[in-house]
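Undergrad: for reference, the sequence and a predicted model appear below.
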Amino acid sequence: MPGSATRVAGVPRVLVTGMSGTGKSTVLAALGERGHLVVDTDTDEWSRWVTLDDGSPDWIWREDAIGALLDAHPTLFVAGCKSNQGAFYDRFEHVVLLSAPVEVMLDRIATRVTNPYGKTAAERAEILRNHAVVEPLLRKRATLEIDTSAPLDDVVARLLGLLS
């Protein structure tokens, strides 16, 4: 069950979430370079495709794998934006929404080489729909929002500030 484990007092788990192009992977890499345990859930190890009732695909967390990860590690940064992540919010001390102006997101997506998503017109339209519909839902549940149009070191410093 997703919320079954207890948290270790004073030791945070941080979920870093946000729309495509807000910098989740970049921020996670910077935290990892500073020696912190980080997990990007955009891999088959942590996520899987399912078909929704309306026939559309959805890339969701593997609940057993995420639960085991959180059971095993009292301090870590997890990045992802999945429709079922809310089932785990009680397992995180902080849910941090990374946001950026749409123009910044689309520019990052157009120039990134580490992720092919967002290169087609249809995917860019989906990103804009998600920005309008999904991001406000994430904002309601976030404990902190960070605008990633700020310098990377500033964004990372704000996240590291959550550890103290």
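TA: All right, it came through fine.

Undergrad: quick one, strands of the chain?
TA: Counting by DSSP state E, the segments of the chain that form strands are 13-18, 38-40, 47-51, 57-61, 76-79, 94-99, 144-147.

Undergrad: so where's this protein uncertain?
TA: For the chain, the stretches flagged by pLDDT under 70 are 1-11.

Undergrad: show me what residue 13 bridges to in the sheet.
TA: For residue 13, the beta-bridge partners under DSSP bridges are residue 76.

Undergrad: isn't it right next to residue 89, touching?
TA: No: with contact defined as Cβ atoms under 8 Å, residue 13 does not count as touching residue 89 (10.6 Å). (Glycine included, C-beta is placed from N, CA and C.)

Undergrad: follow-up on the earlier one: in JSON lines: the strands of the chain, plus mean neighbour count.
TA: Formatted as JSON lines, the strands of the chain follow (neighbours: other Cβ atoms under 10 Å):
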{"stretch": "strand 13-18", "mean neighbour count": "25"}
{"stretch": "strand 38-40", "mean neighbour count": "20"}
{"stretch": "strand 47-51", "mean neighbour count": "13"}
{"stretch": "strand 57-61", "mean neighbour count": "16"}
{"stretch": "strand 76-79", "mean neighbour count": "24"}
{"stretch": "strand 94-99", "mean neighbour count": "22"}
{"stretch": "strand 144-147", "mean neighbour count": "16"}
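
Undergrad: got these as JSON lines, with distance to residue 137 columns?
TA: Formatted as JSON lines, the strands of the chain follow (distance: least, Cβ to Cβ, whole Å):
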{"stretch": "strand 13-18", "distance to residue 137": "11"}
{"stretch": "strand 38-40", "distance to residue 137": "21"}
{"stretch": "strand 47-51", "distance to residue 137": "19"}
{"stretch": "strand 57-61", "distance to residue 137": "15"}
{"stretch": "strand 76-79", "distance to residue 137": "17"}
{"stretch": "strand 94-99", "distance to residue 137": "10"}
{"stretch": "strand 144-147", "distance to residue 137": "13"}
